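Q: 3D, please:
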Amino acid sequence: MTQKNHVTRRAVVLTGVLAAVCGLAGNNARAEEWPTKTIKVLVPYVAGGPVDSVTRMLMEIVSKSVEQPIIIENKPGANTVIATTQLARSAPDGYTFGVVPAAYTTNQVLSRNLQYKPSDLAPVSHMVNIPLVLFASVSTPANSVKEFAAWAQTKPVSYASTGPGSTGHLLGEIFSLAAGLKATHVGYNGSAQAMPDLMGGRVDYFFDPATGGMPHVKAGKLKALAVSAQQRCDCAPDVPTMAESGYPEIVQGSWIGLMAPAKTPRNVLDRFSAEVAKAVQGPEFAKKLQVLGFGPVGSTPEQFQALIDRDVAAYADIARKADIRLDR
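A: Numbers count the residues shown, from 1 in each chain. You can find the predicted model right below:
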């Protein structure tokens with residue numbers, strides 16, 4: 001082989017290496033520039049509800065930090081499946097994200113025919129915890145979970161939820177099983193519809209976020225018997241947990257998290273996760289959350305995925321014990 005050929009081959013190899021290095025550098029440069037345009041966040045509920053309100057407050061803070069507009073697009077329906085399906089089908093370019101509540105995990109357990117797979121989505125951040133309170137009608141003579149169970153065991157009772165497959169549905173069912181109640185599930189399209197029936201005594205109990213019910217408790221229109229969380233809620237420090245009340249198996253709460261389409265660049269997920277955590281844990285947002293009775297979290301993608309996996313396992317156990325499915 002001639003010296004000329006050696007030189008030519010070396011030139012080709014060097015050119016390829018330089019091209020690859022420049023390509024990587026270009027990709028990294030583009031990644032570091034993110035975001036360069038408006039970001040969209042899908043919310044699976046109507047505007048004005050607690051999840052929508054919290055998301056808007058949070059994204060307003062994040063928007064200032066990343067120096068790009070963040071718009072909220074409400075896509076309610078089908079126990080959050082409509083919004084999550086749209087998110088799963090969105091381009092993984094780092095400009096479309098979606099809010100998922102705990103119903104994201106119950107849907108995986110209860111529905112066989114989802115139009116997306118969990119692998120179609122990537123976790124970003126566990127943003128907020130939402131403690132659920134066991135509310136009871138003031139028409140019941142009980143002032144504790146133990147008293148309520150004893151009273152309800154003597155008659156048929158009913159419980160409300162925000163729809164089949166919701167967290168409140170599963171908690172209501174597992175409580176009825178644990179307490180030995182003959183309870184009928186009554187699903188509503190939201191807390192706003194369920195609360196009047198609970199206050200009117202047309203249903204007897206309801207696991208729901210503290211936000212909607214505690215003002216009615218303070219007004220003497222409802223009773224708060226327990227919180228289905230590991231710890232008492234700052235918004236209702238005198239209300240015991242379900243574990244303190246004799247039901248250690250009922251420690252499931254609700255939460256709000258942020259997801260992205262699968263294959264969204266990892267550095268984008270990490271950057272957005274860090275921005276969300278910074279905003280969630282900042283004093284401005286924490287003060288607003290306290291009013292709602294929500295708890296700030298802010299997590300890494302791995303921590304959020306671990307929560308999802310734990311909840312899927314817990315709800316699968318509840319669904320098996322209660323024999324609940326949405327599409328038999």
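Q: Can you name the next helix or strand after the helix or strand of the chain with the lowest mean pLDDT?
A: Using mean pLDDT, DSSP states H and E, the weakest-scoring helix or strand in the chain turns out to be helix 3-33, at a mean of 50. Of the helices and strands lying after helix 3-33 in sequence (DSSP states H and E), the nearest is strand 39-43.
Q: what's next to that following strand, contact-wise?
A: 51-52, 55, 59, 63, 66, 68-75, 83, 86-87, 95-99, 258 (C-beta atoms under 8 Å, 6 or more residues apart in numbering). (Each C-beta comes from the backbone N, C-alpha and C, glycine too.)
Q: I'd like the mean pLDDT over that strand, please.
A: Taken as a whole, strand 39-43 has a mean pLDDT of 97.
Q: Pairing partners for it, with directions?
A: strand 70-74 (parallel), strand 96-101 (parallel) (DSSP bridges).
Q: following it, which helix or strand comes up?
A: Next along from strand 39-43, by DSSP H and E: helix 50-66.
Q: Touching that following helix from outside, list them.
A: By C-beta under 8 Å, 6+ apart, the list of residues contacting helix 50-66 reads 35, 39, 41, 43-46, 69-70, 72, 74, 99, 101, 127-128, 130, 209, 211-212, 256, 272, 275-276, 278-280, 282, 284-285, 288-289, 292, 294.
Q: Wasn't Leu326 part of a helix?
A: No: with DSSP: H, G, I helix; E, B strand; the rest coil as the criterion, Leu326 is assigned coil and is not in a helix.
Q: for it, what are its contacts?
A: Shown in contact with Leu326 (C-beta under 8 Å, 6+ apart): Leu110, Ser111, Pro164, Gly165.
Q: Of those residues, grab the buried ones for ChimeraX.
A: Remark: buried members of the contacts of Leu326, expressed as a ChimeraX selection using 16 or more other C-beta atoms under 10 Å:
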select :110,111,165
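Q: number of nearby residues for Gln230?
A: 13 (other C-beta atoms under 10 Å).
Q: sorry, back to before: mark which of the contacts of Leu326 are part of helices, please.
A: Under the assignment DSSP state H, the contacts of Leu326 contribute Leu110 to helices.
Q: Pull the most distant pair out of the contacts of Leu326.
A: Ser111 and Pro164 (10.1 Å; C-beta to C-beta).
Q: Which of the three states applies to the closest residue in space to Ala103 that isn't next to it in sequence?
A: Ranked by C-beta to C-beta, 6 or more residues apart in numbering and with sequence neighbours excluded, the top spatial neighbour of Ala103 is Thr80, at 4.8 Å. The three-state label given to Thr80 by three-state DSSP is helix.
Q: Now do the contacts for Thr80.
A: The contact partners of Thr80, by C-beta under 8 Å, 6+ apart, come to Pro44, Tyr45, Val100, Pro101, Ala103, Tyr104, Asn107.
Q: if I look at it, how far off is Asn74?
A: 12 Å (C-beta to C-beta, to the nearest Å).
Q: Quick check: neighbours shared by these two?
A: Common neighbours of Thr80 and Asn74 (C-beta under 8 Å, 6+ apart) are Tyr45.
Q: if we can go back for a sec, please identify the deepest-packed of the strands paired with strand 39-43.
A: strand 96-101 (a mean of 25; mean count of other C-beta atoms under 10 Å).
Q: Pull out the buried residues from the contacts of helix 50-66.
A: 35, 39, 41, 43-45, 70, 74, 99, 101, 127-128, 130, 209, 211-212, 256, 272, 275-276, 279-280, 285, 288-289, 292, 294.
Q: so which helix or strand takes in the spatially closest residue to Pro240 that is not a sequence neighbour?
A: Closest residue to Pro240 apart from its sequence neighbours, by C-beta to C-beta, 6+ apart: Ala226 at 5.5 Å. Using DSSP H and E, Ala226 maps to strand 222-227.
Q: helices and strands around that strand, which ones?
A: strand 132-137, helix 145-152, helix 191-199, helix 210-218 (3 or more C-beta pairs under 8 Å, 6 or more residues apart in numbering; DSSP states H and E).
Q: Let's see that with 6 Å instead.
A: Judged by 3 or more C-beta pairs under 6 Å, 6 or more residues apart in numbering; DSSP states H and E, strand 222-227 is in contact with strand 132-137, helix 145-152, helix 210-218.
Q: From the contacts of Leu326, pick the one nearest Pro265.
A: Nearest to Pro265 among those, with distances taken as C-beta to C-beta, is Ser111, at 29.6 Å.
Q: Report pLDDT for that closest one.
A: Value for Ser111, per-residue pLDDT: 88.
Q: Contacts only, for Ser125.
A: By C-beta atoms under 6 Å, 6 or more residues apart in numbering, Ser125 lies in contact with Leu258, Ser273, Val276, Ser299, Phe304.
Q: out of those residues, which are inside helices?
A: Ser273, Val276, Phe304.
Q: And those, which is closest to Gly246?
A: Phe304 (31.3 Å).
Q: What is the neighbour count of Gln281?
A: 12.
Q: Right, I'll leave it there.
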